[in-house]
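[1] Build me a model:
(chains A, B and C)
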Amino acid sequence: MLAFILRRLLQSIAVLLTVGVVAFSLFRYVGDPINAMVGQDTSMEERETLREKLGLNDPAPLQFLNFIVNAAQGKFGLSYRTSEPVGRLILERVPATLELSFCAAVFALFVGVPMGVYTGLYPRHWSSRLFQAVSLIGISLPTFLIGILLILVFAVWLRLLPSFGRGETVQIGWWTTNFLTWSGLKALILPSITLGLFQLTLLMRLVRSEMLEVMRTEYIKFARARGLTNRAINFGHALKNTLVPVITVTGLQLGALIAFAIVTETVFAWPGVGQLFIQSVQFSDIPVMAAYLLLIGLLFVLINLTVDLLYFVVDPRLRSQGGSARVAGH
Amino acid sequence: MNFNFRHSLALTAVVCAGLSVATAADAKTFKWANSGDVSSMDPYARQETFLLTFNSNIYEPLIRRDRNLKLEQALATKWGQTNPTTWFFDIRPGVKFHDGTPFTADDVVFSLNRANGPGSNMGSNFVSVKEIKKVGDQRVEVTTKYPDPLLADKWAAIGMMSKAWAEKNNALNSADMTKNEENFATRNAMGTGPFMLKERRAGEKTILVNNPNWWDKPTHNLTEVIFTPVANPATRVAALKAGDIDMTYEVPPADTESLKKDANVKVLEGPETRVVFLGFDQERPELLESNVKGKNPFKDKKVREAIHRSIDVNAIKRTVMRGQSFPTTLMVAPGINGYTKDLDKRPALLKPEEAKKMLADAGYPNGFEVGMDCPNDRYVNDEKICQAVVAMLAKIGVKVNLRAQTRNLYFAKILRKSDLKPGETSFYMLGWSPAQTYDVHNVFEALIQTPNPATKKGQFNAGGYSNPALDKLADAMEQETDKAKRDAMIKDATKLYVDDFAYIPLHQQAVVWAARKNIDLVQLADNSFPLRFVQVK
Amino acid sequence: MTALSALSGWLHRAADSDVWWSFKSSPMTVSAATVTFLIVAIAFLSPVLAPHTPFDPATLSLTDGLKPPVLVSADGDWAFPLGTDDQGRDILSSIMYGTRLSLLVGFASVVVAMTLGIALGLLSGYLGGAVDALIMRIADVQLTFPAILVALLIDGVVRGIISVQRHDEIAIFVIVGAIGLSFWVQYARTVRGSVMVEKNKEYVQAARVIGLSPLLIMVRHVLPNVTGPVLVIATINLGLAIITEATLSFLGVGLPSTEPSLGTLIRLGNEVLQSGDWWITVFPGITLAALVLAVNLLGDWLRDALNPKLR
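    The predicted structure follows:
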């Protein structure tokens, strides 16, 4: 187990370095940050001096070396756009994105899994078919359109929920949270639904098909023969067996949630890292973009590690098989 | 985070003092939004309208602009020239910074030097300046290298900072990108203005509160102002309709009509001083992106005329701009000193056959192909305007290959290089407003005079239009102090570029703001939005 | 060729089987198939069927701009049954051409993903060992990077490498590449699993003895086995790819707006949704939703029909 974790850690570092190269080489070339940093009246000479001072005229490998050395110390320099330290800019935005992604994941899990179980248990019931059809809407319309439609209905017409932003937040140390105020909680609803809808559909369909398969296995037939109640069979035996793929998908989809948060955050003016990233892309704010990519890389690596460890907890069979279990498992 | 906390403690004391005067029932919160954030709290961080106007709520200039953009007293009570190269500014007595320290001539000298110092983006306002010095407690004197009649106009954009505060917090210069250190003034502010900075979260929200000890009689009734950037235009409009914000700056033209129909919303619109225009490469012997080899069709005035007169600016106004534009034939807008109304007459639109014939006469019977550059996030509906131009020119046989891209990439491509070598474009779109001086000379100097690395003229003349007669007139008007003579020069020079079809001016875009019905505010022609004119009913 | 013959063989068998029967007995599936077929056919025939050619600027006129659909307003014009946008583009024709483009992106990226996935899956399963471990590890990493991020990355890299001028021309390849690249893993895993099962069967060993390339044998025998599951993944991915392209367009990495895809049309319309010109976004939106919904329903049915455990 220790060897497995060590191997995974090494792989993670390799992944992060790769992301670093990508991040750097990508943003070495996107746009000209000088134009974003100065007004239109700034003379050409001033522009050239600034370029020289920023090291944008250095050879690329030298720039990369500087970048990695600084990144390893958490130093990403100042944002070209706001001249604030990139590390803090990102850190300030992380809570917003994590809370949103968390709520979206909870929404997807707590609505998607029961719906999946239900449609799996009663596949021919009309309500199952209705659930399935409705859930498909989640993957048939682009996120941004769903978001703006929700705003129009719930904020502009019904006036029930705020149209944008986080509402009131409470600061605990460096973390700002939505969970402690009424307006913060209300502000979470629409973005979480928008972001979670796709994952909800995915989970529901996954659980449904897993349930359909599990319900036909000898194992369940045997349980039924033993005279166990339907309830015990459905939830104690069948659902438990669908857990491994659910964990895998949820873990992987957490990454997707954080990436798709870029879209949701843009639509709802949600002050998270995704919004920061897309603003930075527009301004060619290289330090912020590079730091964001590395952060996402780090997050994904951590999520993967956690998922791997969860397997050991959930499925005892895998404990003896070692690291490749996950790949074989799904 | 530490300093932030300390700072807000210090401010809280001031704020509480202020709030105790106004009772809770009087609390007027004003929430507003814009597509982007203010990039810094440092008033010299960037020379752009939005930053300058936002920070002017906290940092006031010596001389400010009133509702009609005319100069009026602010922190200076009197100013003028004692001789052609010496300016004086008399400082208003009794003014205090938000932290209670008095505002003095030392602060003025410090601020002006800081604005002209490293890290500042305001340097272009100090090109003529030789020395800035304090003469007595209430007077600052400035000597210039040559007569600069527009100094006071330029400096109306420069806010005054506290020297003691900057020294204490190590913010003597604006943030220096080359040093990996944060600058205190990027996130914090200490001015004399009608509003004080309470909370700053870059990209998220910025909260200002009323300054109860402001020297001037407030024309606003706000106790708190919450500003939020909302990037997606549809969300911004929805938020205003839902009442989540009280005002939005820069409304997309398409939404103007529907907002006007909303009973709770009012729309303010007026022309902006910026003129959006198209330019040609008239410099290279052969265009970079064209199927015409060995010659440059845009060097031919006939070709420029045919194109100029085939673009229907009124049709663009009707559909693309949804009525939110003011077509113009000149490179300056009404309201700018030097706008010549009787020359602002667009030549009649050509029928496609007439234009084709004109092109045939110039040696292009089958038209030609040319690449066009366009930004897609700089001016109102920029890309859509370019698309419409492509369709209009397709009808006269000129096939335009449009490339629209984000402004950073765009400007890097089309603008002239630091040695004033031409940028890489054949046909492009640009917008220009002489926002610092409100005088036409800035337009001649930057856009129309022949590019010259020695004199720095024509830096933004991306297409390299050149007319020696015009150059001479523009140079002469810079130093001319006799208004009648100068006006005559301006008129002659304007006629030259209009007759040459040097550029294709399209329109002034409209400044469209929208607010809830219970908000009273003043819309200024330069699109600046000082909060001191806002009333919540 | 092998893939084609495998496919036709599979189709023959399918026609006799109860798959066909299951298709016929599900009205929802039949209507989904009809809708898909209609949309695909109309889209690909758009140069013939469409009343206008919205991608040709010479045919556009601003005087035709912002006309409402004929059925809801007297201001409508029968020349533009579903109205026009602010450039004077006919919405109906734009939808037809846009759908064609979206389908092209969808199909092309599925083909890229499928080719890449099958090749890597075969390699991984057949060679095993270090190669297998490496490919599967790359797959792990790939799975954690969603299509949107991959596309933003690739687009950024491409913008850096090629001159900005040509970017619009190759935008479609960038998007196809990006979406294709982020979808290959599922195919690879399916094929790899199947290869691992077949690899140790006796006929493969026998082929090796008589000197036939075992890899060729694998291709011949494994591919027909995985056609079903691969087809299911491909159908679902097709819908996903079309939606992803639309989302990328919203983030500013989509196809140029002079030649709008369905997604770009929706994005452009989204900006004017509240202005009252609802037709610019509603009609393309309905088309997109109908297409993706139909394709997904087909995918669902296919998966259930081909799953022997569920029969």
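
[2] Pull up the residues of the stretch 51-200 of chain A that are close to chain B.
    Within the stretch 51-200 of chain A, the positions near chain B by C-beta under 8 Å from any C-beta of the partner chain are A:53-54, A:70, A:75, A:77-78, A:80-85, A:88-89, A:92-93, A:148, A:151-152, A:155-156, A:159, A:162-166, A:174. Heads up, the C-betas are built off the backbone N, CA and C, glycines and all.

[3] residue ranges with poor pLDDT in chain B?
    B:1-26, B:176-181 (pLDDT under 70).

[4] Next to chain C in this structure, residues from it, please.
    Residues of chain B lying close to chain C (C-beta under 8 Å from any C-beta) are B:233-234, B:237-238, B:241, B:252, B:254-258, B:289, B:312, B:315-316, B:318-320, B:322, B:371, B:383-384, B:387-388, B:390-392, B:394-395, B:400, B:402-406, B:409, B:413.

[5] Now intersect those with the strands, please.
    B:371, B:400, B:402, B:403, B:404, B:405 (DSSP state E).

[6] ChimeraX command to pick out the buried ones of these?
    The buried residues among those can be selected in ChimeraX (16 or more other C-beta atoms under 10 Å in any protein chain shown) with this line:
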select /B:371,400,402,403,404,405
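
[7] and the ones in strands among the residues of chain B next to chain C, which two are the farthest apart?
    Largest separation among those by C-beta to C-beta: B:400 and B:405, giving 15.4 Å.

[8] can you point me to the longest helix in chain A?
    In chain A, ranked by residue count with DSSP state H as the criterion, the top helix is helix A:86-121.

[9] residues of stretch B:354-373 that come out buried?
    B:355, B:356, B:358, B:359, B:362, B:364, B:367, B:368, B:370, B:371, B:372, B:373.

[10] Residue A:45: what's it in contact with?
    Applying C-beta atoms under 8 Å, 6 or more residues apart in numbering or on different chains to residue A:45 gives the contacts residue B:418.

[11] Let me know whether my guess that residue B:209 is in a strand holds.
    Yes. The assignment for residue B:209 (DSSP: H, G, I helix; E, B strand; the rest coil) places it in a strand.

[12] Just give the nearest non-adjacent residue to it, would you?
    residue B:198 (4.8 Å; C-beta to C-beta, 6 or more residues apart in numbering or on different chains).

[13] mind listing the strands for the stretch 1-150 of chain B?
    Taking DSSP state E, counting those that start in this stretch to define them, one finds strands in the stretch 1-150 of chain B at B:29-34, B:63-65, B:71-73, B:76-83, B:86-91, B:129-134, B:139-144.

[14] Can you tell me what sits against the second one?
    Which is strand B:63-65. With contact meaning C-beta under 8 Å, 6+ apart, strand B:63-65 is reached by B:56, B:71-74, B:76, B:79, B:89, B:152, B:155-156, B:524, B:526, B:528.

[15] cool, the fourth one as well?
    For strand B:76-83, the surrounding residues in contact (C-beta under 8 Å, 6+ apart) are B:62, B:63, B:87, B:88, B:89, B:90, B:91, B:92, B:141, B:149, B:152.

[16] Next one: the residue of chain B most remote from its centre from residue B:87, what distance?
    For chain B, the residue at maximal distance from the C-alpha centroid (C-alpha atoms, centre = their mean) is residue B:365, at 41.8 Å. Residue B:365 is 60 Å from residue B:87, where distance means C-beta to C-beta, to the nearest Å.

[17] returning to that earlier point: make CSV from the contacts of strand B:76-83 and add neighbour count to it.
    Shown next, in CSV, are these (neighbours: other C-beta atoms under 10 Å in any protein chain shown):
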residue, neighbour count
B:62, 25
B:63, 20
B:87, 23
B:88, 15
B:89, 25
B:90, 19
B:91, 23
B:92, 18
B:141, 17
B:149, 16
B:152, 19
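
[18] Run through chain A and note the low-pLDDT ranges.
    A:1, A:25-44, A:236, A:282, A:284, A:311-330.

[19] Tally up the residues packed near residue B:80, please.
    Residue B:80 has 10 neighbouring residues, counting by other C-beta atoms under 10 Å in any protein chain shown.

[20] actually residue C:125, not the one I wrote
    Counted by other C-beta under 10 Å, the residues lying close to residue C:125 total 24.

[21] Look up how far chain B lies from it.
    Separation of residue C:125 from chain B (C-beta to the nearest C-beta, to the nearest Å) stands at 44 Å.

[22] Identify the residue nearest that residue in space, chain neighbours excluded?
    Spatial nearest neighbour of residue C:125, chain neighbours left out: residue C:195 (2.9 Å); criterion: C-beta to C-beta, 6+ apart.

[23] Would you confirm that the one you found belongs to a helix?
    Yes. Looking at residue C:195 with three-state DSSP, it is inside a helix.

[24] can you pull the contacts of it?
    Taking C-beta under 8 Å, 6+ apart, we find residue C:195 in contact with C:121, C:122, C:124, C:125, C:126, C:218, C:222.

[25] Swap in 10 Å and give it another go.
    Counting by C-beta atoms under 10 Å, 6 or more residues apart in numbering or on different chains, residue C:195 touches C:121-128, C:204, C:215, C:218-219, C:221-223, C:225-226.

[26] For the stretch 1-150 of chain C, just list every one of the helices.
    Remark: helices assigned in the stretch 1-150 of chain C by DSSP state H, counting those that start in this stretch are C:2-16, C:18-24, C:27-44, C:46-49, C:91-127, C:129-144, C:147-161.

[27] among those, which gets the worst mean confidence?
    Among the helices of the stretch 1-150 of chain C, helix C:2-16 carries the lowest mean pLDDT, a mean of 65.

[28] rewinding a little: in PyMOL, how would I pick out whichever of the contacts of strand B:63-65 are buried, leaving the exposed ones unselected?
    Entered in PyMOL, the line below selects the buried ones among these, by 16+ other C-beta under 10 Å:
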select buried, chain B and resi 56+71+74+76+79+89+152+155+156+524+526+528
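
[29] how far does stretch A:149-161 sit from the chain's center?
    25 Å (C-alpha atoms, centre = their mean, to the nearest Å).

[30] With stretch C:128-143 instead?
    That offset, for stretch C:128-143, works out to 25 Å (C-alpha atoms, centre = their mean).

[31] Could you give me the buried positions within that stretch?
    In stretch C:128-143, counting by 16+ other C-beta under 10 Å, buried: C:132, C:135, C:136, C:138, C:139, C:140, C:141, C:142, C:143.

[32] What is the nearest of those residues to residue C:62?
    For the buried residues of stretch C:128-143, the nearest to residue C:62 is residue C:142 (46.0 Å; C-beta to C-beta).

[33] Name the nearest residue to that closest one, sequence neighbours excluded.
    Nearest non-adjacent residue to residue C:142, counting by C-beta to C-beta, 6+ apart: residue C:185, 5.3 Å away.
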